[in-house]
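Participant: need the 3D shape of this:
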Amino acid sequence: MQRQRIVLVEDDEVLAKVIHGELQEAGFDVEQAYDGEKGLTLVQSRLPDLVLLDLVLPKKHGFEVLEELKKSPGTSHIPVIVLTMLETDEDIKKGLKLGANDYIVKSQHAVGEIIEKVKNFFGQEQHPWAL
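Facilitator: Modelled structure (predicted):
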C-alpha cells in the first residue's frame with residue numbers, strides 16, 4: 001500500500017516540525033513549506049493526497065492559496081484541511097466556502113488530535129482518494 005502524501009504549509013517552524021514528525025510517525029509522507037508562495041508551488045508540483053494549510057502566512061495568505069488551488073483544474077481535486085488560529089465564524093465560513101474540506105483551529109486541538117483527524121480523514125469511505 002502506498003503511503004499518502006501530505007503537504008504541510010505552516011510558518012511556525014516549531015509547530016511545523018512537531019506536526020511533520022507526528023505525521024511521519026503515523027505513516028504519512030510529508031513535505032512542508034513555511035510560506036504561502038512556496039506552499040502553493042509545492043502542492044502544484046507534488047500533487048499530494050492532502051494539504052494542511054495555515055492561513056496567516058508570509059508572502060501569500062492561506063485564503064489566497066486555497067482559492068488558487070481550488071480554481072486550478074490541476075489541483076482542485078486535492079483536499080485541503082485548514083489548520084489555523086483564525087477562529088471567527090466569518091473566517092470558518094470563508095475557508096469552507098473557498099473549498100476547504102475541514103477547518104481546524106489550532107488552539108482548540110492538541111497535535112495528537114490533529115494527527116487523529118488526518119488519519120480519520122483518510123479512513124472515511126466517502127473520499128475517493130482514500131486507500
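Participant: assign the residue most central in space within the chain to helix, strand or coil.
Facilitator: Centroid-nearest residue in the chain, with Cα atoms, centre = their mean: residue 52, separated by 1.2 Å. Following DSSP: H, G, I helix; E, B strand; the rest coil, residue 52 is assigned to strand.
Participant: identify the bridge partners of it.
Facilitator: Going by DSSP bridges, residue 52 is paired in beta bridges with residue 8, residue 81.
Participant: that one contacts residue 5, correct?
Facilitator: No - with contact defined as Cβ atoms under 8 Å, residue 52 does not reach residue 5; the gap is 11.6 Å. For every residue, glycine as well, the C-beta is placed using N, CA and C.
Participant: residues near residue 111, how many?
Facilitator: Neighbourhood size, residue 111 [other Cβ atoms under 10 Å]: 14.
Participant: that one is in contact with residue 18, isn't it?
Facilitator: Yes - using Cβ under 8 Å, residue 111 is in contact with residue 18, at 5.6 Å.
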